[in-house]
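# no sequence on this one, just coordinates:
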C-alpha cells in the first residue's frame with residue numbers, strides 16, 4: 001500500500017488557481033517522479049554549465065537606480081546572498097571543515113545585509129571593482145565582522 005506524503009502528492013490535471021474539485025491530491029506511485037527528476041537535473045546542469053552568474057556590484061547599483069522597486073529588489077538579493085553564505089558556512093561546519101566566519105551567538109539578521117555590504121565597500125574601496133560579484137563583498141564583510149577566534 002502506498003503511503004501518501006507531501007513529496008508524492010500532486011494535483012493531477014487541474015490548474016493551480018482552480019484547485020481540485022474532485023477532492024484531495026492523489027498519490028503518485030514512487031517510480032513516476034523519475035522522468036521529471038531527470039529533466040530537472042538536466043536543466044540544473046545546463047544552468048550550471050551555461051554559466052549562471054552572480055550579480056555584479058555594477059548590476060546591483062543599476063538595479064537600484066533604474067527599477068521602480070529597485071532598492072527593495074536589491075535588498076532582497078542581498079538578504080538572499082547573506083543567507084546563502086550563512087547556510088554554506090553552516091554546512092561546512094557540519095562537514096567538519098573550518099568555518100569562514102563565526103557568528104557565535106552574536107546578532108546576524110537579514111535586515112543587516114545592506115549595512116554589512118555597504119560597510120565593506122566603504123572600508124575597503126580599493127579592493128573591489130564594479131564587475132566583481134556581490135557575493136565576494138558580502139563574504140568578506142561576514143569574515144571581517146564575524147571573525148573566528150583561533
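Looks like it came in fine. Just so we're clear, the structure is a prediction, and the values are computed from it rather than from any experiment. Residues are numbered from 1 along each chain as shown.

# Tell me which stretches of this structure form helices.
34-49, 57-66, 70-94, 113-123, 134-145 (DSSP state H).

# If you count contacts, what does the third one end up packed against?
If I follow you right, that is helix 70-94. helix 57-66, helix 113-123, helix 134-145 (3 or more C-beta pairs under 8 Å, 6 or more residues apart in numbering; DSSP states H and E). C-beta here means a position set from N, CA and C on the backbone, and glycine is covered the same way.

# among the ones you listed, which is nearest residue 102?
Nearest of the helices and strands packed on helix 70-94 to residue 102, taken as C-beta to C-beta: helix 134-145 at 9.6 Å.

# got the buried residues for that closest one?
134-143, 145 (16 or more other C-beta atoms under 10 Å).

# now stretch 110-117
Neighbour-count burial for stretch 110-117 flags 112-113, 116-117 (criterion: 16+ other C-beta under 10 Å).

# pLDDT and distance to residue 74 for those - can I get that in CSV?
Formatted as CSV, those follow (pLDDT from 0 to 100; distance: C-beta to C-beta, whole Å):
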residue, pLDDT, distance to residue 74
112, 96, 15
113, 97, 10
116, 97, 14
117, 97, 9
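
# And those, which is closest to residue 84?
Looking across the buried residues of stretch 110-117 and measuring by C-beta to C-beta, the closest to residue 84 is residue 113, at 10.8 Å.

# The closest one against residue 134, yeah?
No: Residue 113 lies out of contact with residue 134 (C-beta atoms under 8 Å); the separation is 10.0 Å.
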